[in-house]
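>>> Structure for this input, please:
(one chain, ligands or ions: 2)
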Amino acid sequence: MTKNPTELALLARGMDTRLAQALRLAGWTLSKLQQCDVAALEALSIDQPTIARLYKGNRPPIPSEALLQVLFASRWLCCVCREATRPVVVHHIQPWAKSRDHAPANLAVLCTLHHGEAHNQRGLEVTLSVERLLAAKLAWERQVAHMDRLAIHQSTQVQACHWWYFNHLRLFELARASGVDLQRLPGFAEARQHGLCAAIGVVELDERGRSPYNARSAHHLYQYMVQMLSCVLEHTVPQNISDDLDRGTLPALITSGDIIYVQGRHFFSNINSPDPREDLVRAHRSANKVDIHFVFNRHEGTSGSARALWLCGAQTLCSVLQVNRIERADTRYQIYATVLAIRSAHGELKSRLYEGNLLRSGLGFGTVDESEE
Ligand SMILES: [Zn+2]
Ligand SMILES: [Zn+2]
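Residues are numbered from 1 along each chain as shown. Ligands and ions are numbered 1, 2, ... in the order given. Predicted structure coming up:
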């Protein structure tokens, strides 16, 4: 797969994905290739400019972080044709020789056909001009982000979905910071009328420290919180990392403050709290040498069964998290996060449907996802 270090090293030097994969599968590595002479490299169907770059000739390789960011933002697809069957190349929008710029903003993912067009000059006319290329890149990257958000948003609308937990205060703060008019959200008027939230829209815990879902009118509150969460998600670009839980790519893709969506096996364990109004729980999920940690108050569960059944032990769930910090220890990555909400698992989110073609083409992320406990 494209996450293989050898393939990434070859992509960073301008090779297309198909050839990089074929060479890697045939046992080639970057250093083995560098020991070959030009004739031997030509015999492997490597073109002249790439041969020069393999020998560290005219340009340093694209840093792997920038490479992964631009590949991920385009989902390994050409930003012009988005055709999943063609191999892709990472191309410099302003040529490297002129710009010396390896930043993701100057990189575009192009299929071999459109890469040819971007370099091919007919008379004075470049077939795929810098302006057209930039427009195509921005449009496609925006659409990818939108599809991620849409997939998450739609999953919140399906009947079978159930939210087991909301971080009421943090969601309120995020919604306010995004300028959401809480009073206009469906469910607010009813929740307010039944005394389930304050006039400014914040949901307060009762004297036992519980969110008021036991009341008969609690479905209004639930509805109100679902809407509040939707608004928060609409004002950010949440990343569904359920199928990318991989230490090779995650650090390049997420940073503190990002909102991420994680589906899979979660483990919950109790923390003794000195305050009886708190029922603190430590949660964690591990896969592919990435550990995700968060702590929450189970009293904020949305029902009795949420508190007694779903937020206990080992459960396959989705959590919406805001990343606080990422640490690397030995070979593992530790992600410490604040949980915004927890819901029932949803099949389609595990491997985004719209990326089906990409996965089938062998160019996308694999769905490697082995829970380790
Ligand atoms: Zn193309
Ligand atoms: Zn190029």
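
>>> Residue numbers of the stretch 51-200 of the chain in contact with ligand 1?
78, 80-81, 111, 114 (CB under 5 Å from the ion). From N, CA and C alone the C-beta is placed, and that goes for glycine too.

>>> So among those residues, which ones count as buried?
Neighbour-count burial (16 or more other CB atoms under 10 Å) is assigned, among these, to 78, 80, 111, 114.

>>> These: which two are farthest apart?
80 and 111 (7.4 Å; CB to CB).

>>> Pass me the low-pLDDT residue ranges in the stretch 1-150 of the chain, would you?
1-3, 57-58, 121-126, 149-150 (pLDDT under 70).

>>> The stretch 101-250 of the chain: strands as residue ranges?
Under the criterion DSSP state E, counting those that start in this stretch, the stretch 101-250 of the chain contains strands at 107-111, 121-122, 125-126, 163-166, 239-240.

>>> a markdown table for those, including distance to residue 261?
Below are the strands of the stretch 101-250 of the chain laid out as a markdown table (distance: least, CB to CB, whole Å):
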| stretch | distance to residue 261 |
| --- | --- |
| strand 107-111 | 23 |
| strand 121-122 | 44 |
| strand 125-126 | 40 |
| strand 163-166 | 13 |
| strand 239-240 | 4 |
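
>>> Outline the domain layout of this structure.
5-141, 165-234, 237-361 (automatic domain parsing).

>>> nearest to residue 148, of the ones you listed?
So among the domains of the chain, domain 237-361 is nearest, using CB to CB, at 5.8 Å.

>>> quick one: the residue lying closest to residue 180 once chain neighbours are set aside and ligand 1, what's the gap?
Once flanking residues are discounted, residue 180 sits nearest to residue 231: 4.4 Å by CB to CB, 6 or more residues apart in numbering. Distance of residue 231 to ligand 1, computed by CB to the ion, to the nearest Å: 36 Å.

>>> what's the answer for residue 258, then?
Counting by CB to the ion, the gap from residue 258 to ligand 1 is 29 Å.

>>> Please list all residues in contact with that residue.
239, 322-323 (CB atoms under 8 Å, 6 or more residues apart in numbering).

>>> What of residue 23?
With CB under 8 Å, 6+ apart, residue 23 has these contacts: 6, 10, 15, 33, 44.

>>> my read: the first one touches residue 32, true?
No. In this structure residue 6 lies outside contact range of residue 32 using CB atoms under 8 Å: 9.4 Å.

>>> count of residues packed around the closest residue to residue 92 other than its chain neighbours?
Excluding the flanking residues, the one nearest residue 92 by CB to CB, 6+ apart is residue 106, at 5.9 Å. With neighbours defined by other CB atoms under 10 Å, the count for residue 106 comes to 20.

>>> Surely residue 106 and residue 95 touch.
No. Using CB under 8 Å, residue 106 is not in contact with residue 95, being 9.5 Å away.

>>> Excluding sequence neighbours, find me the nearest residue to residue 60.
Closest to residue 60 by CB to CB, 6+ apart is residue 102, at 7.7 Å.

>>> I'm done for today, thanks for sticking with me.
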